[in-house]
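**Q** next input, structure requested:
(one chain, ligands or ions: 2)
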Amino acid sequence: MGTETMQAPSTFDAYRRLTAELPGPDAGAVAAAQERNAQLTKPPAALGRLEGLAQWYAGWRGTGRPVLDRPQVVVFAGNHGVAARGVSAFPPEVTVQMVANFRAGGAAINQLSETFGARMDVHALELDRPTADFTEAPAMSEDECLAALATGWDAVDPQADLLVTGEMGIGNTTSAAAIANALFGGAAADWVGRGTGVDAGGLDRKTAVVEAGVARHSGGDGLDTLARLGGREIAAMAGAILRARTERIPVLLDGFICCAAAACLHALRADALDHCAAAHVSAESAHPAMLERLGLDPLLSLGLRLGEGSGAALAIGILKGAIACHSGMATFAEAGVSDG
Ligand SMILES: Cc1cc2ncn([C@H]3O[C@H](COP(=O)(O)O)[C@@H](O)[C@H]3O)c2cc1C
Ligand SMILES: O=C(O)c1cccnc1
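**A** Ligands and ions are numbered 1, 2, ... in the order given. Model prediction:
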């Protein structure tokens, strides 16, 4: 999209129109990357999934020999009305406390961003104004959801060459489960998990909250579901993921909550996440099912259940490795190696 900054859409319908006209990958760059890959000094397919990853990245960046040196991690924070229902093992004030921790450099995502050379930004979304309890009312009005989407949209650096969206919001695995249940069906119990580590009673309360929310807010498309059952940080992630697509910036998706945000876009258009790769499968019990519904095969399985963008930040290392091999290795001809 050049250097001009694209404004965030200002209505749900404008988002729907934008989603209908998303750019795709550059087929010529994919073909060039495939051709290059076939000449590199290794047995065919010996770099396994790294090869496809590099070609995917090449397609979105529009060059057969890409570099990855400006990754951006953005962490969005929001508070949830349903947190008052005893659905988390931690109190809601942890959200604002963790934002301070992010800003002071003390969280896991700070360490991982630094380790993998990513710029890290933090956006707190109206933490003193939690969303409405979605068992009683839509979590957000359309205008509130649009404001959160725009925060995400504007947070993306158009010069970045990779985006990771992370989140912090006590209660947000309940919101993510409700989104998944509304979009994918099944029973509430299929989509709830332990989050920060709730006990059996907490899990029962979570299930009941998701059941009530989904019963109240059935129908509608991905954007309606995002507003009614989501949270500000979840909407911001959706806005950022969509903006990245318009800028042809590839995205590494994090855990269950990040994927719930992505699922709202997927519901609008089945190929809306073609510029995204699933970084990992988290220990949240419904994350495997969510990934399957999104048609995504995670790169890592490390038992993480943190969020913040942590699993996706780790996968920056995998992607950097894939691209370094693809773009930096010698060809058989260059190295004078016999190509069998
Ligand atoms: C200290 C702390 C740091 C975190 N960083 C991410 N989360 C994660 O846990 C929360 C979701 O779990 P639930 O739905 O059970 O509240 C989110 O904030 C998520 O990012 C954290 C949670 C805590 C307690
Ligand atoms: O899957 C995740 O990202 C996750 C799981 C539990 C708690 N926070 C995040």
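**Q** got the residues of the protein near ligand 1?
**A** Applying C-beta under 6 Å from any ligand atom, we find that the chain lies next to ligand 1 at 88-90, 94, 98, 167-174, 195-196, 306-308. (C-beta placed from N, C-alpha, C; glycine too.)
**Q** rerun at 8 Å
**A** The chain has residues 77, 83, 87-90, 94-95, 97-98, 101, 107-109, 166-176, 194-198, 257, 305-308, 310 near ligand 1, with proximity defined as C-beta under 8 Å from any ligand atom.
**Q** any of those residues buried? List them.
**A** 77, 83, 87-88, 90, 94-95, 98, 101, 107-109, 166-176, 194-196, 198, 257, 305-308, 310 (16 or more other C-beta atoms under 10 Å).
**Q** looking at the residues you listed, which are in helices?
**A** Using DSSP state H, the members of those that fall in helices are 94-95, 98, 101, 108-109, 172-176, 257, 310.
**Q** before we move on, the earlier item: out of the residues of the chain next to ligand 1, which are close to ligand 2?
**A** 167, 172-173, 194-196, 257, 305-308, 310.
**Q** where does the stretch 201-340 of the chain get nearest to ligand 1, residue-wise?
**A** Residue of the stretch 201-340 of the chain nearest ligand 1, by C-beta to the nearest ligand atom: residue 307 (2.9 Å).
**Q** who's in contact with that residue?
**A** Counting by C-beta atoms under 8 Å, 6 or more residues apart in numbering, residue 307 touches 166-168, 172, 254-258, 282.
**Q** can you put the residues you listed in CSV and add distance to residue 31 and pLDDT?
**A** Shown next, in CSV, are those (distance: C-beta to C-beta, whole Å; pLDDT from 0 to 100):
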residue, distance to residue 31, pLDDT
166, 34, 98
167, 36, 98
168, 41, 99
172, 41, 99
254, 31, 99
255, 34, 99
256, 35, 99
257, 36, 99
258, 31, 99
282, 35, 98
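**Q** what's the closest of these to residue 289?
**A** Nearest to residue 289 among the contacts of residue 307 is residue 256, at 10.0 Å by C-beta to C-beta.
**Q** got a list of what that closest one touches?
**A** 173, 176, 193, 282, 284, 286-287, 290, 307 are the contacts of residue 256 under C-beta under 8 Å, 6+ apart.
**Q** do that again at 10 Å, thanks
**A** Residues near residue 256 by C-beta atoms under 10 Å, 6 or more residues apart in numbering: 172-173, 176-177, 180, 191, 193, 195, 281-291, 305, 307.
**Q** which of the contacts of residue 307 sits closest to residue 330?
**A** The closest of those to residue 330 turns out to be residue 254 (C-beta to C-beta; 34.6 Å).
**Q** that closest one and residue 299 touch, don't they?
**A** No: counting by C-beta atoms under 10 Å, residue 254 does not reach residue 299; the two are 11.6 Å apart.
**Q** of the two, who's got more company?
**A** Counted by other C-beta atoms under 10 Å, residue 254 and residue 299 do not tie: residue 254 has more neighbours, with 33 against 21.
**Q** count the neighbours of the residue nearest to the more buried one when sequence neighbours are not counted for me.
**A** Take residue 254 and drop its neighbours on the chain: the residue closest to it by C-beta to C-beta, 6 or more residues apart in numbering is residue 312, 4.1 Å away. Neighbourhood size, residue 312 [other C-beta under 10 Å]: 34.
**Q** hmm, residue 312 is touching residue 250, no?
**A** No: applying C-beta under 10 Å, one finds residue 312 not in contact with residue 250, separated by 11.3 Å.
**Q** give me the common contacts of these two.
**A** In contact with both residue 312 and residue 250: 71, 162-163, 276-277, 319, using C-beta under 10 Å, 6+ apart.
**Q** secondary structure, pLDDT and distance to residue 328 added to those, as a markdown table?
**A** A markdown table is the format used below for those (DSSP: H, G, I helix; E, B strand; the rest coil; pLDDT from 0 to 100; distance: C-beta to C-beta, whole Å):
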| residue | secondary structure | pLDDT | distance to residue 328 |
| --- | --- | --- | --- |
| 71 | strand | 99 | 17 |
| 162 | strand | 99 | 17 |
| 163 | strand | 99 | 23 |
| 276 | strand | 99 | 25 |
| 277 | strand | 99 | 20 |
| 319 | helix | 99 | 14 |
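**Q** just give me the closest of those to residue 244.
**A** Among the shared contacts of residue 312 and residue 250, residue 163 lies closest to residue 244 (C-beta to C-beta), at 4.6 Å.
**Q** got the contact list for the closest one?
**A** Neighbouring residues of residue 163 by C-beta under 10 Å, 6+ apart: 71-74, 118, 155-157, 240-241, 243-245, 247, 249-253, 275-276, 309, 312.
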